[in-house]
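Trainee: coords please:
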Amino acid sequence: MSRLIVWIAGLLVGLAAHVAVSVADDAATIEQIKQSASMLDQAFTQQDAALIESMVTSDHLATTPYYGKSMDIAEQIETLDDFKARLFDVTNEKVNLLGDGAALIMFEKSYEGTFKGTSLPKRVFVSSLWEKIDGKWLQRLYQETAIDSGQ
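Mentor: Next comes the predicted model:
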């Protein structure tokens, strides 16, 4: 009986250690994704085409209230000079891991600026799909919905 108790105790300690390592790994992954998302936002506001292209998949798509349609990465880069924005803040950020190599990130974002001379929404809800490719987190899909049109 005492062997069974020792075995069960050992099993529970092992499981607890595994869960703790897994939670720590998830937290580190989530932090990497958040940092990548922030860096990509800054690349757009700074109009850094090379950095943007290095942080998205080749088949990347984005849809926003100001684009007026879904745009692939080539179209986004082509219209980058038309995007004049200042990013204020990101709030209510949540990252959902969808397995080892994919994540969904959702948050609210505040802007000030224009796209092709038209005011950007002051506040948007963002959802984006990220994929880990060759050890690097890349954005595959980006979607914004206006919360406050700002007009």
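Trainee: pretty sure Arg140 contacts Ala62?
Mentor: No: applying Cβ atoms under 8 Å, one finds Arg140 not in contact with Ala62, separated by 10.1 Å. Heads up, the C-betas are built off the backbone N, CA and C, glycines and all.
Trainee: looking at those two, which has the bigger crowd around it?
Mentor: Ala62 (20 against 16; other Cβ atoms under 10 Å).
Trainee: which stretch of helix or strand covers the more buried one?
Mentor: strand 56-63 (DSSP states H and E).
Trainee: report the rounded mean pLDDT for that strand.
Mentor: Averaged across strand 56-63, the pLDDT comes to 97.
Trainee: how far does the following helix or strand past that strand sit from the chain's center?
Mentor: Remark: after strand 56-63, the chain's next helix or strand is strand 70-72, criterion DSSP H and E. Chain-centre distance of strand 70-72: 17 Å, with Cα atoms, centre = their mean, to the nearest Å.
Trainee: next: stretch 73-87.
Mentor: 18 Å.
Trainee: contacts for it next, please.
Mentor: Identification of contacts with stretch 73-87 by Cβ atoms under 8 Å, 6 or more residues apart in numbering yields 41-42, 44-45, 47, 49, 52-53, 56, 58-60, 62, 67, 71, 109-117, 120.
Trainee: pLDDT at Thr91, what is it?
Mentor: On the pLDDT scale, Thr91 gets 89.
Trainee: that one should be in a strand, yeah?
Mentor: Yes: according to DSSP: H, G, I helix; E, B strand; the rest coil, Thr91 belongs to a strand.
Trainee: my read is that it contacts Val124, right?
Mentor: No: if you go by Cβ under 8 Å, Thr91 and Val124 don't touch, sitting 11.3 Å apart.
Trainee: who's more crowded, those two?
Mentor: Val124 (22 against 10).
Trainee: partner residues bridging the more buried one?
Mentor: Judged by DSSP bridges, the bridge partners of Val124 are Lys109, Ala146.
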